[in-house]
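S.K.: let me see the structure of the following:
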Amino acid sequence: MTQDDDKDAAGLQSVTLTMQVLEEIARTPRGVGVTSLAKALDTGKSRIHRHLQTLVQQGYVVRHDESERYEIGHRLVSFSQSIFDNAGLVRAAYDPLLELRDTLGHSAVASQITPEGMLVVSTVPGRSPIEIGVRVGSLLSFHGSAQGKVATAFSTPEFQSRVLRSRLEPATSLTIVTPSLLQQEFETIRQCGWAVAPNQTAMGLNTLASAIFDASGMICGAAGIVDMIQFIGEEPSPDQIRYTVHAARRISERLGFRG
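M.R.: Next up is the predicted model:
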């Protein structure tokens, strides 16, 4: 075997181990530590750690400082979604989003919950000559976006605590970054079933969002409308609320939710 052959073999082994690491992390919804990965894959902790560092740097894996566990990152979710863009949440959301846009005229959007934020997976442009909306693949914060707030509000208390303990960066001067105020808002959202974030993601912009649930009854995403603040006010109209909540419910039902 030549020196080039040796390099090729080592490279293939490295790729194989990387894929095995990703598969093991994906199979463990609550995250997995270095020791468990090394044991499961029958290799050294230092070797696993090197692969994890690269995956974290590239956004395919995220590490939680509190637990030192690793979970899949938004880039891997986005990559997977691009492959299965006609399945799952994207397929379930298309018709309800289109109907929502046709009924109200605003841009309609669906996002999927990931450990790092809300990943935008589907959009339908509004009817305004000025395009207002978000791009597919965008990652929205849990505390500063309507999609993130409604998803967090309907998540487990443990997930809410994780969000409130995280670094709450302000996107604008009106982004709420006080944990106690966010906790109060989460409680209000659970009661009414929808969330807004006027001027909190970007000045002049507002989103109205409602939660999407999967067949197991777990929160898996959010659906909403996006437009300028003068078209979606801090207190949305009854029609805007009714049709947005209805669209999210339709998507949930298409995913098998029977709540």
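
S.K.: what's across from V196 in the sheet?
M.R.: On the basis of DSSP bridges, V196 is bridged to L208.

S.K.: same thing with G221?
M.R.: Counting by DSSP bridges, G221 forms beta bridges with Q112, I212.

S.K.: quick one: contacts for it?
M.R.: L89, A110, S111, Q112, I113, M118, V121, Q147, A151, A211, I212, I251 (Cβ atoms under 8 Å, 6 or more residues apart in numbering). (Each C-beta comes from the backbone N, C-alpha and C, glycine too.)

S.K.: now do the SS call for G59.
M.R.: At G59 the chain is in coil, as set by DSSP: H, G, I helix; E, B strand; the rest coil.

S.K.: quick one, what contacts it?
M.R.: G73, H74, R75, L76.

S.K.: and with 7 Å instead?
M.R.: G73, H74, R75 (Cβ atoms under 7 Å, 6 or more residues apart in numbering).

S.K.: any chance of those in JSON lines, with secondary structure, distance to E24 and pLDDT too?
M.R.: Formatted as JSON lines, the contacts of G59 follow (DSSP: H, G, I helix; E, B strand; the rest coil; distance: Cβ to Cβ, whole Å; pLDDT from 0 to 100):
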{"residue": "G73", "secondary structure": "coil", "distance to E24": "15", "pLDDT": "83"}
{"residue": "H74", "secondary structure": "helix", "distance to E24": "19", "pLDDT": "77"}
{"residue": "R75", "secondary structure": "helix", "distance to E24": "18", "pLDDT": "78"}
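
S.K.: of these, closest to I232?
M.R.: H74 (25.8 Å; Cβ to Cβ).

S.K.: so that closest one touches M118, yeah?
M.R.: No - with contacts defined as Cβ atoms under 7 Å, H74 does not count as touching M118, sitting 9.3 Å away.

S.K.: neighbour count for those two, which is higher?
M.R.: Just comparing H74 and M118: by other Cβ atoms under 10 Å the higher neighbour count belongs to M118, 29 against 20.
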